[in-house]
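Colleague: requesting a structural model of the entry that follows:
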Amino acid sequence: MAQLQDLRTLPAPARAAQSRRSARFRKHWMPWLFILPYLLLHLIVVAGPSLSAVYYSMTDWSGIGAAEFIGLANFQELFFKDRTFWTAFRHNVLWMLFFMTVPFVMALVAASLLSLIRRAGMAYRTLLFIPYIVPSVITATIWRNLLSPSRGIGAQLAEWGIPGLDIAFLGKTGTALWTIAFVDNWHFWGFLMVLFLAAMQGISPSLYDAAKIDGANRWQEFRHVTIPGIRPTVVFMLLMVAIWSFLSFDYIWILTQGGPAGSSEVLATFLYKQAFNRFEAGYAAAIGLTISLIAGMIIGAFVYLRRRGWEI
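Modeller: Now for the predicted structure:
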C-alpha cells in the first residue's frame, strides 16, 4: 500500500516512466525468472556433463583419479588406427539402412490397411502397439528363448520334420546382427504404424473422393494422396530413426554384447566396453563425442531440408 501511495504521489511523467519500466520487466525478464529453474537443471544435468565429456575426450583417463591431457591423440587413434571403431561404425550404418526401410514399409502398409477398418480398429492398433511398450529386457529374453537352437521354434520345427531353422542365429557371425535387428524391429514397427495412421486420419476425405472421381485405384490413391499427405511425418521419423540408429544399445548388449567375434558390435557397445571393461574413460568419451557429432550432422541435414522448403 505504501508503494502504491508513493506511486500515486509521483508526477504524471514519472508515473508513466515507472509503468513503462514495470511493463518492460514483465515482458523481458519475468519469463526468464520462471524458466530459470529449468535452465539451472539443464546446466547441471546436460550442459555440464557434455562440456566435461569434451574435455575428457582429450585426456588419458581411467575414470578414477586425475586425467592426463593428451590433446587429439584419442581421435587420432580412433579414426586412423582402431579397426574396431570402423567395424562398429559400418554396423551402425547397416542398422540405420535396415530401420529406414523395413519397418517403414511394414508400418506404411499396415497403417494403410488399418485406415480402412471401421470396426475393432482400436483393438488392432493396440495389439500391434503393445510390443513397443514391453521392456527391452523382457522382449530380448523371450526372443533369445524362441531363437534357441535347442529349445526354440527351430528346434520344435525340426522335431516335426522341418529342419533348417534349428541353428544358433545369435551365435553365427553372418546372422547375429540381422537377427538382433529382426527382434528390435518386431518391437518398433508398431510405433511407426500408429504415428502414420494418426497422420493418415488427418488427410481430408475430399482428396480421396477427388482421386476416385479421376479413376485412381487403391495404389494410385496411396501414392498420390496418402504419401504426400503424411510426408512431413515420414521424413521427420526417417531423420529420428537415423539418429536413434547410432544410439542403439539395449537389444544388442542384452542378446550378444557385440559378439560373436565383434559381428554385432556397434558404437554404443564399443563405447561401453572401453569405459567399463577396459577402463579407458577418456577414449570412451572420444567415441561418445563422435556419436554426438554424427547426430549433429543428421540434425544439420534436417535443418537444411527445412530451409529448402521441405514440410518437416
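Colleague: only C-alpha atoms from now on, for both contacts and neighbour counts.
Modeller: Noted.
Colleague: what helix or strand does residue 154 sit in?
Modeller: Element membership for residue 154, per DSSP states H and E: helix 153-159.
Colleague: quick check: next helix or strand after that helix?
Modeller: Immediately after helix 153-159, counting by DSSP H and E, sits helix 176-200.
Colleague: in that following helix, which residues are buried?
Modeller: 176-185, 187-197, 199-200 (16 or more other Cα atoms under 10 Å).
Colleague: residues in contact with that helix?
Modeller: For helix 176-200, contacts defined as Cα atoms under 8 Å, 6 or more residues apart in numbering pick out 91, 95, 98-99, 103-104, 106-108, 110-112, 114-115, 125, 128-132, 134, 139-140, 143, 169-170, 226, 229-230, 233-234, 251-252, 255-256, 259-260, 263-264.
Colleague: right, and residue 166 touches residue 155 too?
Modeller: Yes. With contact defined as Cα atoms under 8 Å, residue 166 and residue 155 form a contacting pair (4.9 Å).
Colleague: how near is residue 199 to residue 45?
Modeller: 34 Å (Cα to Cα, to the nearest Å).
Colleague: again but with residue 115, I slipped
Modeller: Taking Cα to Cα, one finds residue 115 at 42 Å from residue 45.
Colleague: for residue 90, same thing?
Modeller: Separation of residue 90 from residue 45 (Cα to Cα): 31 Å.
Colleague: what about these two, which has more around it?
Modeller: Using other Cα atoms under 10 Å, the more surrounded residue of residue 90 and residue 45 is residue 90, with 15 against 11.
Colleague: what comes into contact with the helix or strand containing that one?
Modeller: Assigned by DSSP H and E, residue 90 falls within helix 83-99. By Cα under 8 Å, 6+ apart, the list of residues contacting helix 83-99 from outside reads 78-79, 177, 181, 185, 241-242, 245-246, 264-267, 270.
Colleague: just the buried ones among those residues, please.
Modeller: 78, 177, 181, 185, 241-242, 245-246, 264-267, 270.
Colleague: in helices only, show me those residues.
Modeller: Mapping the buried ones among the contacts of helix 83-99 onto helices (DSSP state H) picks out 78, 177, 181, 185, 241-242, 245, 267, 270.
Colleague: and of those, the nearest to residue 205?
Modeller: Minimum distance to residue 205 across these is 29.5 Å, recorded for residue 241 (Cα to Cα).
Colleague: and the closest one, what's its pLDDT?
Modeller: The per-residue pLDDT reported for residue 241 equals 94.
Colleague: got it, and residue 106?
Modeller: 95.
Colleague: pretty sure it sits in a strand.
Modeller: No. Secondary structure assignment (DSSP: H, G, I helix; E, B strand; the rest coil) places residue 106 in helix, not in a strand.
Colleague: contacting residues around it?
Modeller: Here residue 106 is in contact with 189, 193 (Cα under 8 Å, 6+ apart).
Colleague: and residue 252, how far is that from residue 137?
Modeller: With Cα to Cα as the criterion, residue 252 and residue 137 are 11 Å apart.
Colleague: er, residue 188 I mean
Modeller: 14 Å.
Colleague: do the same with residue 232
Modeller: 32 Å.
Colleague: okay, those two: which has more neighbours?
Modeller: More crowded of residue 232 and residue 137, by other Cα under 10 Å: residue 232, with 15 against 12.
Colleague: elements contacting whichever helix or strand residue 296 is part of?
Modeller: Residue 296 belongs to helix 281-307 when elements are defined using DSSP H and E. Here helix 281-307 touches helix 48-56, strand 59-60, helix 73-80, helix 227-245, helix 267-272, going by 3 or more Cα pairs under 8 Å, 6 or more residues apart in numbering; DSSP states H and E.
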